[in-house]
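give me coordinates for this.
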Amino acid sequence: MLLAVMWVFPLLAALIALAFAGVLARRYLDRRPRHEALWVVALLLYAAASFMVVLGVLGDWSAFEYRTYWLLGAALNVPFLAAGEVVLLFRRQWVFVVVLLALVFVTGFSFAVVRTAEIADPTALGQDLPSGKVVFGVGTAAHRLPQVIAIPAYLVLVGGTLWSARQMRGRPERRDAFYGVLGIAFGATIVAAVGSAFAAAGNFTVFSLALTMGIAVMFWGFLRTSRRGPGPCALLGFLNRPEQG
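Just a heads-up that it's a prediction; the model follows:
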């Protein structure tokens, strides 16, 4: 009975991600910070991947639904978040150009790998949460894609947020930003570590809860950093310095 209603959680995750993206998009239209545009894309990818999970669990996964979930959620979501973090921390035009070119390459490469990957075991698509190693085959390029792309990107993302939080530590006027940035790092860890581990094990119940809790904690962190106070708000590593172009 519990499993029958668990699809509600990835749907909720998709809605939270869309709300998060909407808030960031409005901020981007007001000030045009490049890093926030990258985060809007990341959140839209998160929402789309979560919606694919809803479709997959409500009925047997189609190859298209699983490929989309794997490409947008397992592979590309975190790299776009990490790219925004890098652009934020190193505010130089050449850094933005290099990051953008890297994203174009990573996106194109990932798309080609997932699109051309053979479905090793079509019967696995009948499960609530098929494992990538079963669907694509152990050690294949598609199966290894998140390990090669998403894990290094996660380390960059969390490293950047923790470094930014360290700069705010001990400053009473930045208390909200400090706890908010830690919340964002914790939320990303829930998704990347807990969610990924149980996704690999095919445990849909814990995975769906992690999917929702992770994005909810990240959104809470953003709202916490957005409280009015001296200096701009912090999001995924905001530093206490004015926006530049």
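
and Ala37, how many neighbours?
Ala37 has 17 neighbouring residues, counting by other CB atoms under 10 Å. Where you see a C-beta, it was placed from the backbone N, CA and C, and this is true even at glycine.

correction: Glu118
11.

gap between it and Phe136?
7 Å (CB to CB, to the nearest Å).

what residue ranges in the protein score low on pLDDT?
Applying pLDDT under 70 to the chain flags residues 1-4, 227-245.

ranges for the helices of this protein?
8-31, 34-58, 63-69, 77-89, 93-116, 132-135, 141-168, 175-189, 196-200, 204-225 (DSSP state H).

export those as TSV, with columns for distance to Thr123.
Below are these laid out as TSV (distance: least, CB to CB, whole Å):
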stretch	distance to Thr123
helix 8-31	22
helix 34-58	14
helix 63-69	12
helix 77-89	27
helix 93-116	20
helix 132-135	9
helix 141-168	17
helix 175-189	33
helix 196-200	18
helix 204-225	17
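
of all those, which gets the most neighbours per residue?
helix 77-89 (a mean of 25; mean count of other CB atoms under 10 Å).

from the contact counts, what lies against that one?
If contacts are counted by 3 or more CB pairs under 8 Å, 6 or more residues apart in numbering; DSSP states H and E, helix 77-89 sits against helix 34-58, helix 93-116, helix 141-168.

chain neighbours aside, what residue packs nearest to Ala21?
Leu43 (3.8 Å; CB to CB, 6 or more residues apart in numbering).

look up how far Leu24 lies from that neighbour.
7 Å.

Ala177 contacts Leu223, correct?
No. Counting by CB atoms under 8 Å, Ala177 does not reach Leu223; the two are 11.6 Å apart.

tell me the contacts of Ala25?
Contacts were defined as CB atoms under 8 Å, 6 or more residues apart in numbering; by that measure Ala25 touches Val40.

CA atoms of stretch 194-202 as CSV?
Output in CSV follows, covering the C-alpha atoms of stretch 194-202 (Å, rounded to 0.1, in the frame of the first residue of the first chain):
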residue,chain,number,x,y,z
VAL,A,194,21.5,9.0,-0.2
GLY,A,195,19.3,9.2,-3.3
SER,A,196,22.0,7.8,-5.6
ALA,A,197,22.9,5.0,-3.2
PHE,A,198,19.3,3.8,-2.9
ALA,A,199,18.6,4.3,-6.6
ALA,A,200,21.5,2.0,-7.4
ALA,A,201,20.0,-0.5,-5.0
GLY,A,202,16.6,-0.2,-6.7
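
not counting it itself, show me its contacts.
74, 127-134, 146, 150, 206-207, 210-211, 214.

repeat for stretch 130-142
Here stretch 130-142 has contacts from 56, 61, 66, 70, 74, 113-114, 117-121, 124-125, 143, 146, 199-202, using CB under 8 Å, 6+ apart.

pull up the distance across it, start to finish.
Terminal residues of stretch 130-142 lie 14 Å apart, using CA to CA, to the nearest Å.

and that stretch, how far out from the chain's middle?
Centroid displacement of stretch 130-142 relative to its chain, using CA atoms, centre = their mean, to the nearest Å, is 21 Å.

repeat that for stretch 12-22.
For stretch 12-22, the distance to the chain centre is 12 Å (CA atoms, centre = their mean).

now could you export just the CA positions of it as PDB?
Output of stretch 12-22 as PDB, limited to C-alpha atoms (Å, rounded to 0.1, in the frame of the first residue of the first chain):
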ATOM      1  CA  LEU A  12       6.300  16.900  -5.100                       C
ATOM      2  CA  ALA A  13      10.100  17.100  -5.800                       C
ATOM      3  CA  ALA A  14       9.300  18.200  -9.400                       C
ATOM      4  CA  LEU A  15       6.900  20.900  -8.200                       C
ATOM      5  CA  ILE A  16       9.400  22.200  -5.600                       C
ATOM      6  CA  ALA A  17      12.200  22.300  -8.200                       C
ATOM      7  CA  LEU A  18       9.900  24.300 -10.500                       C
ATOM      8  CA  ALA A  19       9.000  26.700  -7.800                       C
ATOM      9  CA  PHE A  20      12.700  27.100  -6.900                       C
ATOM     10  CA  ALA A  21      13.500  27.600 -10.600                       C
ATOM     11  CA  GLY A  22      10.800  30.200 -10.900                       C
END
